[in-house]
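Engineer: sequence-free structure coming up:
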Ligand SMILES: Nc1ncnc2c1ncn2[C@@H]1O[C@H](COP(=O)(O)OP(=O)(O)OP(=O)(O)O)[C@@H](O)[C@H]1O
């Protein structure tokens, strides 16, 4: 949080927000100390004077200096606005999270009550409450604060409901995490950003509301004064001394803007996005060259992807894919496979920073198609499947709506969706898992992809459907001539579909070999260990499955020498001291290992 705040403070928005805070705090703290007596000094010889004569904005009906009064009023105006916002935000958060903490019936009642209160016009609500609490600053603060509770509660309820549907909340629930802990650990931290923004807007809004109430005579009473009261006092002289009336009004508006800016900067620095940080295009994406000099379709040189705090997840990956080639990217969970694929498709999360010497890949959207593991989360549940496909043609090919729909139906039929015309009108939840994956592939085919990136496309499917989807990918490749980057931890799947395999470990490619050599000719001890860990029909049921001892390094963990050395039974001193670089082994393969397995030795 502190680091993010530091980073935000270096942006133009952060600098402006910090300047606004300093300015407001100085005016609120030192205004009454330095100008309090001048603002209170009655001068019967200088009543209702215009600007000038030693009074920047003139004087009021008792000859008091208006400029000094505007500055002095900053403290009370801000205190009241912050007080009302604190009441509104605290009440709103409590009422907003209550339905999730209390029983279902009471929860529904609370949700309905908030719904009714939100429907009540807020101005009328404030006036109604102000008359209940009575005339005066305290009553006005309660009225404005309480009027902020229903919209804040509604916001918190809606955000909590969306976060509550996420996989990690479900997982926490399964683990038996209690309601209160769920709220404080899993739900509230994920809705901070919109809540901070709301709080800042609420403070700015209450500033205006106080000015309104004081202006109507319901707010701050004599001898106290806030900007609203000053505005009230000077408005009848606006044609005689306009500056005196404009200054308190301008103070309200400018302070409101500054508070908005401060809220924006705070939310940026401290908030986590709601809805589980949806990936967005263009997190700091590496520069792309339009065409590879080598004739390769994909050319990646020295790709690094990292996150805040020096957490390097991809550490210098280089590879190429020829037109029409099918390449598998395998490795343990967390080795950086998905991030490599996302970098190619320009889909890295906004929090990722990527650099590379070269990054050539077909244009995302039309030239590159993406197939994800869980098509349920990649297809919009609210849209008909056909519509989602046709949108691609409308956006990328500027096809008329009817024509785009026809193409969508045709593509759905091409990927084996039966009764495509009727099915196109259905929504994703009406499809089975395999059909959704087919629809996703169909969506990729709406353009004319030269590259299909499939990230664990069959992991969520049963073996029969898995086979069908793999066959479909093979068929699509045959028909379209597209290349394939198949990301998977399943060597069997990769062996069925791909021509070549890239083995990733701890963010780097440790071996690149033809698929034909995968099971017999692998040279890297890690590739061999991966293969050794696959159970086969011949595996003895009585013996324990082979596993790779130890764990891979965490992203960003400093690695001296070879990253696999601590888990490798062939490791020698050199492995622990010096990182091996990929060395070509003649047949287009390469291996990054000081002591690669000699193939003869392996066979023997
Ligand atoms: N948005 C993110 N913020 C921070 N770290 C991330 C983010 N996305 C991925 N990482 C980290 O980067 C590393 C590589 O992630 P990646 O998803 O590429 O792994 P993977 O090899 O595809 O694993 P899996 O097979 O489990 O999907 C992981 O250790 C992960 O913790």
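Structural biologist: Perfect, I can see it now. Not measured: the values here are computed from a predicted model.

Engineer: For the nearest residue to residue 41 once chain neighbours are set aside, give me the pLDDT.
Structural biologist: Of all residues not flanking residue 41 in the chain, residue 64 sits nearest, at 6.3 Å (C-beta to C-beta, 6 or more residues apart in numbering). (Each C-beta comes from the backbone N, C-alpha and C, glycine too.) Note for residue 64: predicted pLDDT of 90.

Engineer: Tell me, how many residues neighbour residue 64?
Structural biologist: Residues lying near residue 64 (other C-beta atoms under 10 Å) number 20.

Engineer: ditto for residue 37
Structural biologist: Neighbour count of residue 37, defined by other C-beta under 10 Å: 11.

Engineer: ditto for the one 4 residues further on
Structural biologist: Taking other C-beta under 10 Å as the criterion, the count of residues near residue 41 is 14.

Engineer: ok, now residue 420?
Structural biologist: Per other C-beta under 10 Å, the neighbour tally for residue 420 reads 20.

Engineer: again with the one 10 residues further on
Structural biologist: Applying other C-beta under 10 Å, we find 12 residues neighbouring residue 430.

Engineer: Same question for residue 119.
Structural biologist: 8.

Engineer: And residue 516, by the same measure?
Structural biologist: 12.

Engineer: In a strand, it, correct?
Structural biologist: No - inclusion of residue 516 in a strand is not indicated when DSSP: H, G, I helix; E, B strand; the rest coil is applied; the result is helix.

Engineer: residues from this structure in reach of the ligand?
Structural biologist: For the chain, the residues in contact with the ligand (C-beta under 6 Å from any ligand atom) are 307, 313, 331, 333-339, 349, 351, 489, 555.

Engineer: sorry, back to before: what spatial separation is found between the residue nearest to residue 41 and the ligand?
Structural biologist: Relative to the ligand, residue 64 is positioned 58 Å away (C-beta to the nearest ligand atom, to the nearest Å).

Engineer: what's near enough to touch that residue?
Structural biologist: Counting by C-beta atoms under 8 Å, 6 or more residues apart in numbering, residue 64 makes contact with 39-43.

Engineer: change it to 10 Å
Structural biologist: 38-43, 46-47, 55, 225, 233 (C-beta atoms under 10 Å, 6 or more residues apart in numbering).

Engineer: now it: how far from residue 56?
Structural biologist: From residue 64 across to residue 56, the span is 13 Å (C-beta to C-beta, to the nearest Å).

Engineer: if we can go back for a sec, what is the nearest of the contacts of residue 64 to the ligand?
Structural biologist: Set against the ligand, the nearest of the contacts of residue 64 by C-beta to the nearest ligand atom is residue 225 (51.0 Å).

Engineer: Spatially nearest residue to the closest one, not counting backbone neighbours?
Structural biologist: residue 73 (5.5 Å).

Engineer: again with residue 366
Structural biologist: Leaving out its chain neighbours, residue 366 is closest to residue 447 (C-beta to C-beta, 6+ apart), at 3.8 Å.

Engineer: where are the low-confidence patches of the stretch 451-600 of the chain?
Structural biologist: Residues of the stretch 451-600 of the chain meeting the criterion pLDDT under 70: 535-547, 600.

Engineer: Residue of it closest to the ligand, please.
Structural biologist: Nearest residue of the stretch 451-600 of the chain to the ligand, counting by C-beta to the nearest ligand atom: residue 555, 4.5 Å away.

Engineer: thinking again about what came up before, next step: the residues of the chain next to the ligand restricted to helices.
Structural biologist: Using DSSP state H, the subset of these located in helices is 337-339.

Engineer: Need those in JSON lines (columns: distance to residue 196).
Structural biologist: Shown next, in JSON lines, are those (distance: C-beta to C-beta, whole Å):
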{"residue": "337", "distance to residue 196": "35"}
{"residue": "338", "distance to residue 196": "31"}
{"residue": "339", "distance to residue 196": "29"}
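
Engineer: any chance of these in TSV, plus neighbour count and pLDDT?
Structural biologist: Below are these laid out as TSV (neighbours: other C-beta atoms under 10 Å; pLDDT from 0 to 100):
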residue	neighbour count	pLDDT
337	25	93
338	21	91
339	24	93
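
Engineer: quick check, nearest of those residues to residue 112?
Structural biologist: Nearest to residue 112 among these: residue 338, at 42.6 Å, using C-beta to C-beta.

Engineer: quick revisit: so who does the residue nearest to residue 366 touch?
Structural biologist: Each residue near residue 447 by C-beta under 10 Å, 6+ apart is listed here: 362-369, 392-393, 395-397.

Engineer: pLDDT score for it?
Structural biologist: Residue 447 carries a pLDDT value of 78.

Engineer: quick one, longest helix in the chain?
Structural biologist: Per DSSP H, the chain has its longest helix at helix 66-101.

Engineer: helix/strand/coil for the nearest residue to residue 332 once chain neighbours are set aside?
Structural biologist: Counting by C-beta to C-beta, 6+ apart, residue 552 is the residue found nearest to residue 332 once chain neighbours are left out, at 5.9 Å. Recorded secondary structure, residue 552: coil (three-state DSSP).

Engineer: For stretch 163-183, give the mean pLDDT please.
Structural biologist: Per-region confidence: stretch 163-183 scores 63 on mean pLDDT.

Engineer: tell me the mean pLDDT for the strand or helix carrying residue 125?
Structural biologist: Following DSSP states H and E, one finds residue 125 within helix 122-133. Across helix 122-133, the average pLDDT comes to 84.

Engineer: List the buried residues in that helix.
Structural biologist: Within helix 122-133, the residues scored as buried using 16 or more other C-beta atoms under 10 Å are 122, 125-127, 129-130.

Engineer: Could you list the buried residues of the longest helix of the chain?
Structural biologist: Quick answer for helix 66-101 (16+ other C-beta under 10 Å): 66-78, 80-89, 91-93, 95-100.

Engineer: Could you check the angle that helix makes with helix 122-133?
Structural biologist: Interaxial angle, helix 66-101 versus helix 122-133 (axes from the mean of the first three to the mean of the last three C-alpha atoms, to 10 degrees): 100 degrees.
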